[in-house]
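# Would you be able to build a 3D model of this:
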Amino acid sequence: MVEEKFSRLLFIPVAALLFFLICYQYVCPADTDTCYFRGEEEDDDGIPRRYSSSSSSSSSSSSSSSSSSSSSSSSSSSKDPEIGSKFNFTERDLDRRVDFDINGDDVIVFLHIQKTGGTTFGRHLVKNIDLEQPCDCTTPGQRKCACHRPGKAESWLFSRFSTGWSCGLHADWTELTNCVPKVMSRRDKKNAPRSHQR
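Alright, predicted model coming up:
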């Protein structure tokens with residue numbers, strides 16, 4: 001009777017520990033750096049440091065001395081080497097500049113990829129962008145915003161928040177490349193001033 005009670009009492013913590021380990025392994029797989037604890041140091045950007053003790057001490061000593069710009073560049077170059085292998089973007093890709101002429105024929109097409117923060121970004125694109133003529137989101141009863149070019153009724157933005165789901169729900173790249181020119185020409189014809197002949 002005592003042994004049976006002891007085995008039951010031992011079973012509960014062992015089962016709870018096993019359950020915790022399985023859940024932890026599911027949430028934080030061993031081959032990724034997705035989980036960190038509050039005890040880890042963070043960079044100025046709020047990103048946790050995952051260095052060995054030697055590189056951690058060198059980056060903290062270089063960040064504490066602000067006497068020369070070379071020490072700050074050495075601390076930025078001593079970042080985690082895994083970051084380069086995880087994200088395959090070159091510095092040229094991330095630093096690319098594109099000229100956008102709102103008065104010309106340029107159109108920004110927003111490709112929404114699910115679960116990437118696209119809804120929030122799309123909303124900021126129509127409500128908070130700093131242009132000479134920002135989008136007009138004041139029409140009561142409408143969720144879409146009018147993003148017209150200055151002095152024209154043409155739209156410069158093709159997104160869910162400006163044109164709605166014109167190419168279907170969560171249209172991918174292929175669907176958008178086939179659909180956007182047709183929808184934009186149809187909208188421009190509809191908004192163009194009509195001359196009536198008698």
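# which stretches of this protein form strands?
In the chain, the strands defined using DSSP state E lie at 108-109, 157-158.
# Out of the ones you listed, which is closest to Glu4?
Each of the strands of the chain was checked against Glu4 via CB to CB, and the shortest separation belongs to strand 108-109, namely 69.1 Å. The way it works is simple: take the backbone N, C-alpha and C, and place the C-beta from them, glycine included.
# strands paired with the closest one, and their directions?
Strands that pair with strand 108-109, judged by DSSP bridges, come out as strand 157-158 (parallel).
# for the record, mean pLDDT for the strand it pairs with?
Looking at strand 157-158 alone, the average pLDDT works out to 91.
# can you check stretch 14-22 too?
With pLDDT averaged residue by residue, stretch 14-22 scores 89.
# and among the strands of the chain, the most buried is which?
Here the criterion is mean neighbour count by mean count of other CB atoms under 10 Å, and of the strands of the chain the winner is strand 157-158, at a mean of 22.
# quick one: low-confidence parts of the chain?
Across the chain, the ranges flagged by pLDDT under 70 are 1, 29-87, 188-198.
# Where is the longest helix in it?
As assigned by DSSP state H, the longest helix anywhere in the chain is helix 2-27.
# didn't Phe158 look like it was pressed against Lys182?
No: with contact defined as CB atoms under 8 Å, Phe158 does not count as touching Lys182 (11.5 Å).
# ok so, going back, now the strands of the chain in JSON lines, with distance to Glu91?
Converted to JSON lines, those look like this (distance: least, CB to CB, whole Å):
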{"stretch": "strand 108-109", "distance to Glu91": "24"}
{"stretch": "strand 157-158", "distance to Glu91": "28"}
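# Nearest to Asn178 among those would be which one?
Nearest of the strands of the chain to Asn178, taken as CB to CB: strand 108-109 at 12.1 Å.
# which residues touch the closest one?
By CB atoms under 8 Å, 6 or more residues apart in numbering, the list of residues contacting strand 108-109 from outside reads 100, 125, 156-159, 176, 180.
# mind running it again at 10 Å?
Outside of strand 108-109, the residues that reach it under the criterion CB atoms under 10 Å, 6 or more residues apart in numbering are 98, 100, 102, 125, 129, 147, 155-159, 162-163, 167, 171, 173, 176-177, 179-180, 184.
# Mind checking which of those residues land in helices?
125, 162-163, 173, 176-177, 179-180, 184.
# Any chance of TSV for these, columns distance to Ala15?
Formatted as TSV, those follow (distance: CB to CB, whole Å):
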residue	distance to Ala15
Leu125	50
Ser162	54
Thr163	55
Trp173	48
Leu176	51
Thr177	54
Cys179	54
Val180	56
Met184	61
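# Restricted to buried residues, select these in PyMOL.
Once 16 or more other CB atoms under 10 Å is used to decide burial, the buried members of the ones in helices among the contacts of strand 108-109 can be selected in PyMOL as follows:
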select buried, resi 125+162+163+176+179+180+184
